[in-house]
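> Provided below are the primary sequence and the corresponding predicted coordinates.
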Number of protein chains: 2
Amino acid sequence: MSIGANLVAVVEQPLLTYEGVHDARDRIAGRVLQTPVVRSEELDRVAGARLWLKAENLQRGGSFKMRGALLAVERLVAAGSRGVVAQSTGNHAIAVALAAAQHRLPAVLVLPVDAAPTKVRRIREAGAEVLQAGTTLAERIAVLEEVRHTRGYDEIDPYQNLDVVAGQGTATADLLHQVEAAGGRLDAVVLPVGGGSALAGACLATAGQGIDVHGAEPAAVPALTAALRAGGPVTVDVRPTLADGLRPDRIGQLPYDLAHDAVAGVFTLEESAIAEALRLVLVHARLLIEPAAATAVAGALRLAAEGRARDIGVLVSGGNVETSLVASLLDPQGV
Amino acid sequence: MSIGANLVAVVEQPLLTYEGVHDARDRIAGRVLQTPVVRSEELDRVAGARLWLKAENLQRGGSFKMRGALLAVERLVAAGSRGVVAQSTGNHAIAVALAAAQHRLPAVLVLPVDAAPTKVRRIREAGAEVLQAGTTLAERIAVLEEVRHTRGYDEIDPYQNLDVVAGQGTATADLLHQVEAAGGRLDAVVLPVGGGSALAGACLATAGQGIDVHGAEPAAVPALTAALRAGGPVTVDVRPTLADGLRPDRIGQLPYDLAHDAVAGVFTLEESAIAEALRLVLVHARLLIEPAAATAVAGALRLAAEGRARDIGVLVSGGNVETSLVASLLDPQGV
């Protein structure tokens, strides 16, 4: 299928518009937390710009993925679904497990074998079944397909599902609303990029408002950079990264279609920059964030250093992080 | 002076009333951050109650002390002050330094020799002068008196100043307002107790609302427990505590007068309970808090375990903590 054909399909989906994201925001109001936008004078001093941190690490389930999962599960429940299955590096799986539990719907989640133990634990606590398979997207999808066919469960794809993409966009829509309410005005937003749903949602939420949208991904998994260069999603070789939430080795087609013309650019961050951003946010903004979120903060620090924006919104996507990792980052003898 | 005479003086101060705290709230609106009240389903599960965390660790200067300091400094500036001096274990000093800097007023802060290095650094970064003297309140006061006499600076006492006590009460007033806006209703609030200003402010802010006010102090520094037993402030022997912000070895007379009849009780917390509360809030609520704030959380956990309250507000008083301490608390081989 050509990109052109996909774009037509996208445009025809009312959910995948600025208005669609705002409708989604109304649909989940009161069922997700109104997380704060955190400012820190000390962090701003380090950055040399004003950072507006949308603290979705404080969201239900510990990440912004709760937004899309709630919308997707609700639509499936209304359609009479007998169960749901999803693959994820962790946060989408936690969110689907919690949303399914709320509707007493069975859920199976497929994670990589090297998923963060904290994330696996949270899924099981929500009462869902966890299957772990390989380390690549393709390996997880193979297991997911089997569950789908043998049990007749409905898939909730983290990148292709329309409710999910629109739902993830509500985090950016909330951010813009909260910044405006505080008398501010963003020049740019920075989103962490795994499969691309946060970025795509942000492109919808900022449409027509003159706000630059930047992606941030680990240099170890440059899936967006590679896709933009190739003119479409490609599978990239991955190196190990702290940012377990950003390990998908390929951007989703739908996020790519929505974002590739709209994004201002993408930052690729080294592991040391991700670790330093996590530490800076913990010490100065007093928020515990996971490395995926720190990747976006590191991108924002880069954008600020380049002098390209004064007011930068950052999607602090989640806070599900191993305490041993945090301890090692805080310890001068550590990482 | 008898307690009776003090009470008369207190009652005559319009600041030190429910209305006075609300007036103070209006005076500082827009100049302190509207910090969020953070909820965590995971923390609630651990607690067996609903905890409403007033996240003043996200406040300017990293603690709720900014509130009282702003009010006190402004009144002195209006009166033509040439400079201010204050003694503190740290957070009041940071707050006074920042408030004075905002008005380009010279400030001298007197801290104990074992003050948290992070706190000393923040005061110096604000451009104020730091003097370190002994470890007891009496030693700090001796140095403060000398500065006051030799330089003609005005003292901002952390426990006796009316603006400070009313200002600290605005944190609890905000908490009640935010819980109500979220459709909740508190049975109790828990405040950390050092010199007593947070507790006294909370007694004013909750007056006549049927909300129990509890203090929480380290077992290592049982100054409120001793004062309640003795019928007035007494100097206690102190043991070392993680809660550097709660080291004052004597409750202030004014806070005692305001609080002693109004408080429902005081929890004395062992070091292990304080450390565990800090870790729980970091992992489950994703907030970095200092041990003084963790002491209040530990008190709330105790209150919940006793089954005496379903909805508990906690003043998470600050987030100025040494990263090495946090690392050791997160490390299973650590503290």
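Cool, got the structure.
> For A:Ile94, give me its contacts.
A:61-63, A:65, A:119, A:122-123, A:126, A:320 (CB atoms under 8 Å, 6 or more residues apart in numbering or on different chains). C-beta coordinates here come from the backbone N, C-alpha and C atoms, glycine included.
> which one of the residues you listed has the most neighbours?
Greatest neighbour count in the contacts of A:Ile94, by other CB atoms under 10 Å in any protein chain shown, goes to A:Lys65: 33 neighbours.
> check which helix or strand covers the closest residue to that one other than its chain neighbours.
Distance criterion CB to CB, 6 or more residues apart in numbering or on different chains; nearest residue to A:Lys65, sequence neighbours excluded, is A:Ala95 at 3.9 Å. A:Ala95 belongs to helix A:91-102 when assigned by DSSP states H and E.
> Surely A:Asn57 touches B:Leu288?
No: using CB atoms under 8 Å, A:Asn57 is not in contact with B:Leu288; the gap is 11.4 Å.
> Compute the number of surrounding residues for A:Glu125.
14.
> do the same with A:Ala138
11.
> What are the phi and psi values at it?
A:Ala138 adopts backbone torsions of phi -60, psi -40, taken as degrees, to the nearest 10.
> residues from the stretch 201-335 of chain A in reach of chain B?
Proximity of the stretch 201-335 of chain A to chain B, by CB under 8 Å from any CB of the partner chain, involves residues A:279, A:282-283, A:285-289, A:319, A:323-324, A:326-328, A:330-332, A:334.
> Can I have the buried ones of these as a ChimeraX selection?
In ChimeraX, a selection of the buried entries from those looks like this (16 or more other CB atoms under 10 Å in any protein chain shown):
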select /A:279,282,283,285,286,287,288,289,319,323,326,327,328,330,331
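> Helices - which of the residues of the stretch 201-335 of chain A next to chain B land there?
A:279, A:282-283, A:323-324, A:326-328, A:330 (DSSP state H).
> In TSV, list the residues you listed along with distance to A:Tyr256 and pLDDT.
Formatted as TSV, those follow (distance: CB to CB, whole Å; pLDDT from 0 to 100):
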residue	distance to A:Tyr256	pLDDT
A:Arg279	32	96
A:Leu282	33	96
A:Val283	36	93
A:Thr323	35	89
A:Ser324	35	89
A:Val326	33	91
A:Ala327	37	90
A:Ser328	35	90
A:Leu330	37	86
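> Closest one of those to B:His149?
A:Val283 (38.2 Å; CB to CB).
> so what's the closest one up against?
By CB under 8 Å, 6+ apart, the neighbours of A:Val283 are B:288, B:323.
> ok, now with 6 Å
The contact partners of A:Val283, by CB atoms under 6 Å, 6 or more residues apart in numbering or on different chains, come to B:Thr323.
> Ok, A:Ala292 next?
A:192, A:243, A:245-246, A:317.
> which stretch of helix or strand covers it?
helix A:291-305.
> Tell me which helix or strand comes right after that helix.
Per DSSP H and E, the first helix or strand lying C-terminal to helix A:291-305 is strand A:311-316.
> what's the closest non-adjacent residue to A:Ala24?
A:Ala166 (4.3 Å).
> Show me chain A divided up by domain.
A:3-63+A:162-330, A:65-155 (automatic domain parsing).
> I'd like the distance between the residue nearest the centre of chain A and chain B.
Closest residue to the average C-alpha location of chain A: A:Ala198 at 4.6 Å, with CA atoms, centre = their mean. The gap separating A:Ala198 from chain B is 18 Å, by CB to the nearest CB, to the nearest Å.
> got a list of what that residue touches?
A:168, A:191, A:315.
> so the first one makes contact with A:Gly201?
Translated: A:Gln168. Yes: counting by CB atoms under 6 Å, A:Gly201 is a contact partner of A:Gln168 at 3.9 Å.
> Just the strands from chain A, written as ranges.
Secondary structure of chain A by DSSP state E: the strands cover A:37-38, A:50-55, A:84-87, A:107-111, A:129-132, A:154-155, A:188-192, A:212-218, A:265-269, A:311-316.
> what would these look like in a markdown table with mean neighbour count?
Shown next, in a markdown table, are the strands of chain A (neighbours: other CB atoms under 10 Å in any protein chain shown):
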| stretch | mean neighbour count |
| --- | --- |
| strand A:37-38 | 23 |
| strand A:50-55 | 26 |
| strand A:84-87 | 28 |
| strand A:107-111 | 26 |
| strand A:129-132 | 16 |
| strand A:154-155 | 20 |
| strand A:188-192 | 30 |
| strand A:212-218 | 27 |
| strand A:265-269 | 22 |
| strand A:311-316 | 28 |
